[in-house]
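Visitor: Quick one, structure for this:
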Amino acid sequence: MKCKYICLLLLLTAGRAYARSGNDSLLNQLNRTIDKAATYDAEKVQQINILRKALQKDEHLSLQQRYAVCQELYEQYKVFKYDSAFAYAQQLQALARQMNDPARINYAGIKLGFVLLSSGMFKEAGDYLAAIDVAALSDSARAEYYTLKGRYYYDLSDYSSDQYFAPGYTLQGNSCMDSALILFKPHSFSYEYNYGLMYQKMGNMDSARYYYVRAVALKNLTTHQVAIATSSLGNIYIRTGKKDSAIIMMTRAAIADIASSTKETTAMFILAGLLFKEQDVKHASRYIEYAVADASFYGARLRKVQVSAILPIIESEKINTVEGQKKLLFAYAAIVTLLLLLLVWLGVIILRQYKKLQAAQKVITAAHALQQEINYKLMEANTIKEEYIGYCFQVNSAYLDKIKKFKKLADQKLTDNKYGEVKYLVNNIDLKEEREELFRNFDRIFLKIFPNFVGVFNSFFREEDQIRLKDNELLNTDLRIFALIRIGISDNVKIAQILEYSVNTIYTYKTKIKNKAIIPKDEFEERLMDIKAM
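Guide: Here you go, the predicted structure:
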């Protein structure tokens, strides 16, 4: 008894424990269970096939034996697949009529009513329930009948959901449930659960939770009973605003539904809605898709309508989230790539200039006897190189500061879950303008080092094939390709990455230009590399 009350206490405080833990281990367990769903369903189908073969092969079965096998097949199908459950319920009724057994005929009517109600066919379910002779039923069958009829009125109340018809349906459901509870064994699962259901429909959430918790805490529950009780308890937590507890209960219910191959269920659908409200779009999307598949497999018309109503909303948010992440990642990748290329390019330039500076210094040291004018020119060249190196570092520092500020601001927005503002920040980055500025800087720096580059380069061609620059151009794409080669970047892949072209395009540009040259093709790049810097 003491252990039982401890279990009750744990269930009542489960939501707070979940909130404190801050992890999704239970959702991970559900994900693993979903991955094993096909195995559970295969075991279910295997059991069904054994029963079907027994029914088909053994022609000597008595009507009573065939009735028992059909009833077992119905039980296997009733929350697994609507049309098969309905077919075997019809067989039950046909066999009962052959036996001229009123108790079995009416009991089969209860089974037909159950599957029709589960599939959302309210009128047909009501017709079958109205045709049942309650006096012909045993106590246990009457309890099942009144429970089903109570659920029928409760579902009508939920479906109509208005101020005029719904209260009357609820009262009729409570009346039926009163009749059922008298027939249940006290403290059994059916007793505890249906008391909780009745109190829930009466609007007494505290009493409903009390009985649902007692039902969950019972020993030797079937997996399907665990799913029913935890799902109902989760609904109470939703109604009372305890979202963390509701998520726990609905997750447990969904796990039990999958393990018992229950396709006629609401737990996964409700859980998806809860997680969507918590902005867990990833899990919500997976679970709503699973719920749609279950509803379609079972054939529950009403359930498919309910599930399909939220599916587009979740999927739309999922697409928006993914697209936003893709754009953000693309922007990060593009910026980082450009900056890395810039750093590589600057590094190559600085290294080459530094080597030339060292060589010039050696020449100055060796040519100690040169005239003062030559010394002055060398000092001027050194000053230009030093200023250029400083300018390169200045540009590099500016880009690093820009990255640092952007990263800090983006991290803050992501931490605050302000994805829209991050998207705004990313969209405000004008990559085209940045790229054009990069090219303009490259052109200015390159021509500062190689002021005669364009003229010397054009001397490789006939006049009609020489490159004519526009008024606002320092270099164009043709010249920029060979300018990169001149500073040591000769790999087509690297050139393509820097200039944002395909490798084939770069190869085509180079081939086209070399074909127009008046110098041999095998000497072209050698002559290009002979173009002198200032």
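Visitor: In contact with Phe86: list those residues for me.
Guide: By Cβ atoms under 8 Å, 6 or more residues apart in numbering, Phe86 lies in contact with 112, 115-116, 119. No exception for glycine: its C-beta is placed from N, CA and C like everyone else's.
Visitor: switch the cut-off to 6 Å
Guide: Counting by Cβ atoms under 6 Å, 6 or more residues apart in numbering, Phe86 touches Val115.
Visitor: what's the answer for the one 3 residues further on, then?
Guide: Contact analysis of Ala89 by Cβ under 6 Å, 6+ apart lists 74, 111-112, 115.
Visitor: how about a cut-off of 10 Å?
Guide: 70-71, 73-74, 77-78, 108-116, 128 (Cβ atoms under 10 Å, 6 or more residues apart in numbering).
Visitor: if I look at it, how far off is Glu75?
Guide: Applying Cβ to Cβ, to the nearest Å, the value for Ala89 to Glu75 is 10 Å.
Visitor: Lys355 now?
Guide: Lys355 sits 86 Å away from Glu75, going by Cβ to Cβ.
Visitor: what do you get for Val348?
Guide: Val348 is 77 Å from Glu75, by Cβ to Cβ.
Visitor: Can you pull out the low-pLDDT segments for the stretch 401-534 of the chain?
Guide: Within the stretch 401-534 of the chain, the stretches with pLDDT under 70 are 425, 429-431.
Visitor: switch the cut-off to 80
Guide: 401-407, 409-410, 413, 416-436, 438, 533-534 (pLDDT under 80).
Visitor: next one: the stretch 51-200 of the chain
Guide: The model of the stretch 51-200 of the chain has pLDDT under 80 over residues 57-60.
Visitor: in it, which spans are strands?
Guide: Here the stretch 51-200 of the chain has no strands by DSSP state E, counting those that start in this stretch.
Visitor: buried stuff in the helix or strand harbouring Asp522?
Guide: Here Asp522 sits within helix 521-529, counting by DSSP states H and E. Judged by neighbour count using 16 or more other Cβ atoms under 10 Å, the buried positions of helix 521-529 are 524, 528.
Visitor: swap in stretch 46-53?
Guide: 48, 51-52.
Visitor: Extract the CA atoms of the helix holding Asp522 and return them as CSV.
Guide: This file holds the C-alpha atoms of helix 521-529, laid out as CSV (Å, rounded to 0.1, in the frame of the first residue of the first chain):
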residue,chain,number,x,y,z
LYS,A,521,50.6,29.4,-76.0
ASP,A,522,53.3,27.5,-74.1
GLU,A,523,55.1,30.8,-73.5
PHE,A,524,52.1,32.9,-72.6
GLU,A,525,52.1,32.4,-68.8
GLU,A,526,55.9,32.7,-68.7
ARG,A,527,55.6,36.1,-70.4
LEU,A,528,52.8,37.0,-68.1
MET,A,529,55.0,36.3,-65.1
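Visitor: helices or strands up against it?
Guide: helix 453-458, helix 477-486, helix 503-516 (3 or more Cβ pairs under 10 Å, 6 or more residues apart in numbering; DSSP states H and E).
Visitor: Turn the ones you listed into CSV, including mean neighbour count.
Guide: Putting the helices and strands packed on helix 521-529 into CSV (neighbours: other Cβ atoms under 10 Å) gives the following:
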stretch, mean neighbour count
helix 453-458, 17
helix 477-486, 20
helix 503-516, 14
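Visitor: before we move on, the earlier item: contacts for the helix holding Asp522, please.
Guide: Residues outside helix 521-529 that contact it (Cβ under 10 Å, 6+ apart) are 453, 456-457, 459-460, 482-483, 485-488, 490, 510-511, 513-515, 517, 519-520, 530.
Visitor: quick one on the thing from earlier: what residues are shared contacts of Ala89 and Glu75?
Guide: By Cβ under 10 Å, 6+ apart, the residues touching both Ala89 and Glu75 are Lys111.
Visitor: Counting neighbours, what do you get for Asn31?
Guide: 14 (other Cβ atoms under 10 Å).
Visitor: That one and Tyr290: what is the separation?
Guide: Counting by Cβ to Cβ, the gap from Asn31 to Tyr290 is 10 Å.
Visitor: got it, and Asp280?
Guide: 15 Å.
Visitor: Of these two, which one has the most company?
Guide: Between Asp280 and Tyr290, counting by other Cβ under 10 Å, Tyr290 is the more crowded of the two (20 against 16).
Visitor: Not counting residues beside it along the chain, what's closest to the more buried one?
Guide: Distances taken as Cβ to Cβ, 6 or more residues apart in numbering place Met268 nearest to Tyr290, at 5.6 Å, with adjacent residues excluded.
Visitor: Equivalent analysis for Leu156, please.
Guide: Spatially, and ignoring its direct neighbours in sequence, Leu156 is nearest to Tyr169 (4.5 Å; Cβ to Cβ, 6+ apart).
Visitor: Next: Lys516.
Guide: In space, Lys516 is closest to Asp465, 4.4 Å off (Cβ to Cβ, 6+ apart).
Visitor: Assess the claim that that neighbour and Ala517 are in contact.
Guide: Yes: with contacts defined as Cβ atoms under 10 Å, Asp465 counts as touching Ala517 at a distance of 8.2 Å.
Visitor: neighbour-wise, which of these two wins?
Guide: Ala517 (17 against 13).
Visitor: In the chain, which residue is most central in space?
Guide: Lys282 (3.0 Å; Cα atoms, centre = their mean).
Visitor: I'd like to know how far the closest residue to Leu51 other than its chain neighbours sits from Lys53.
Guide: Nearest residue to Leu51, sequence neighbours excluded (Cβ to Cβ, 6+ apart): Leu73, at 5.0 Å. Distance of Leu73 to Lys53, computed by Cβ to Cβ: 11 Å.
Visitor: hmm, back to that, tell me which of the helices and strands packed on helix 521-529 lies nearest to Tyr332.
Guide: Closest to Tyr332 of these, according to Cβ to Cβ: helix 503-516, at 23.7 Å.
Visitor: What is the closest one packed up against?
Guide: If you count contacts as 3+ Cβ pairs under 10 Å, 6+ apart, helix 503-516 packs onto helix 477-486, helix 492-499, helix 521-529.
Visitor: Need the CA coordinates for the shortest one. CSV is fine.
Guide: This means helix 492-499. Extracted in CSV, the C-alpha atoms of helix 492-499 (Å, rounded to 0.1, in the frame of the first residue of the first chain):
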residue,chain,number,x,y,z
ASN,A,492,41.7,27.0,-61.8
VAL,A,493,39.6,25.8,-58.9
LYS,A,494,41.0,28.6,-56.6
ILE,A,495,40.5,31.2,-59.3
ALA,A,496,36.9,30.0,-59.8
GLN,A,497,36.2,30.2,-56.1
ILE,A,498,37.6,33.7,-55.8
LEU,A,499,35.7,35.1,-58.9
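Visitor: who are the neighbours in contact with the closest residue to Ala143 other than its chain neighbours?
Guide: Sequence neighbours aside, Leu183 is the residue nearest to Ala143 in space, at 3.8 Å (criterion: Cβ to Cβ, 6+ apart). By Cβ under 10 Å, 6+ apart, the contact list for Leu183 reads 138-147, 190-191.
Visitor: Need the max-distance pair from those.
Guide: Most distant of these, by Cβ to Cβ, are Ser138 and Tyr191, 17.4 Å apart.
Visitor: Pick out whichever of the two has more residues nearby.
Guide: Using other Cβ under 10 Å as the criterion, Ser138 and Tyr191 rank with Tyr191 on top: 20 against 12.
Visitor: Against Asp162, how distant is the nearest residue to that one once chain neighbours are set aside?
Guide: Using Cβ to Cβ, 6+ apart and skipping residues adjacent in sequence, the residue nearest Tyr191 is Phe184, 4.1 Å away. Applying Cβ to Cβ, the value for Phe184 to Asp162 is 31 Å.
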